[in-house]
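**Student:** Need coordinates for the below:
(one chain, ligands or ions: 2)
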Amino acid sequence: MNIIFLGPPGAGKGTQAQRICAALGIPQISTGDMLRRAIADQTPTGLKAKSYMDAGGLVPDEVIIDIVKERLQADDCAKGYILDGFPRTVPQAEALEGIAHIDKVVELDVPDEKLIERISGRRVCLKCGATYHVSMLNGQTTCGQCGETLIQRDDDKPETVLNRLNAYHSKTAPLVDFYQGKGKLAKVDGTGDVDAIFDAIMKVLKA
Ligand code: ADP
Ligand code: AMP
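**Tutor:** Ligands and ions are numbered 1, 2, ... in the order given. Down below sits the predicted model:
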C-alpha cells in the first residue's frame, strides 16, 4: 500500500510513520530526513537545500521531486511505502501523480498551540531517524534505538517554527482538498496518546 502522511510540522508524522512502517514491513520515506542526511554529507542537493531549511521555508519543488522520484524506484518500495513530509505543495502532488499510485492519504490533525509545544521539545537521532520529546526522556541524551547522541534540530528553534507553520498553512494545507477531491483522504485526530493514534491510523488503513 502506498500511503501519504499529511499534516503540519510536529503533528507526529515521523513518530507514527516509524511505527506503522515497522508494523506493515514497508519503508518510511521522510524527505526531511533525506535532506538532513544530504546536508550532513555535504552533497550538491544538501548544499542547495540548506538555506531554505534553515529559514523554515520549503526546498524548491524541482529539487525535492527529483529526490523522491529516484527513491521510489528502489526495490524496497515495491511492496508499498509511507511518504512522510512529501508532497508539501500542489505542484509536488501533481508531479507525484505521474510517478506513483497513491492508495491512501492520512491527515494528522493537531492544533497550532500543541504543535509549538511538541516541536520545541523535540529531540532527534540523525543516524536512525528516531524522534523523542524531552518530557519523555528523563534526562537521557542518547538514542534508545541506536545509541547516537540526540540533537535539537536547528529549524526547531522558536525563530524558525512560525515560518514553518506559515509554510504549512499557505502551501501544504491545500493538499487536504486536493486529496479529498480524489476520495483518498482519511483524517485522524493527532492529539491523543501515541498508541491510540497508531490504532486509529491502522483502522483507517484497513478500511
Ligand atoms: P512530524 O514528523 O509531524 O514533524 P514528529 O513525529 O517528529 O512530528 O513529532 C513532533 C514531536 O511531538 C516529537 O517530539 C514527538 O516525540 C512528539 N509527539 C509525537 N506524537 C505525539 C503525541 N501523540 N503526543 C505527544 N507528543 C507527541
Ligand atoms: P521535516 O523533517 O518534514 O519537518 O522537514 C524539514 C524541512 O525540510 C522543511 O521545513 C523543508 O525546508 C524541507 N522539506 C522536507 N520535505 C519537503 C518537501 N516535500 N518540499 C519542500 N521542502 C521540504
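**Student:** and the protein, which residues reach ligand 1?
**Tutor:** Taking CB under 6 Å from any ligand atom, the part of the chain that reaches ligand 1 is made up of 7, 9-15, 118, 121-122, 131-133, 193-194, 197. Where you see a C-beta, it was placed from the backbone N, CA and C, and this is true even at glycine.
**Student:** ok, now with 8 Å
**Tutor:** Applying the criterion CB under 8 Å from any ligand atom, the portion of the chain that neighbours ligand 1 consists of 5, 7-17, 30, 32, 84-85, 108, 114-115, 118-119, 121-124, 131-136, 190-194, 196-197.
**Student:** What's the ChimeraX syntax to select whichever of those residues are buried?
**Tutor:** Buried members of those can be picked out in ChimeraX with the line below, counting by 16 or more other CB atoms under 10 Å:
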select :5,7,8,9,10,11,12,13,14,15,16,17,30,32,84,85,108,115,118,119,121,122,123,124,131,132,133,190,197
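**Student:** In strands only, show me the residues of the chain next to ligand 1.
**Tutor:** Residues from the residues of the chain next to ligand 1 lying in strands, with DSSP state E as the criterion: 5, 30, 84, 108, 122-124, 131-133.
**Student:** pLDDT wise, what is the closest residue to ligand 2 within the chain at?
**Tutor:** With distances taken as CB to the nearest ligand atom, the chain approaches ligand 2 most closely at residue 32, which sits 1.9 Å away. pLDDT, residue 32: 95.
**Student:** go on, the one 5 residues further on?
**Tutor:** The predicted structure scores residue 37 at 91 on the pLDDT scale.
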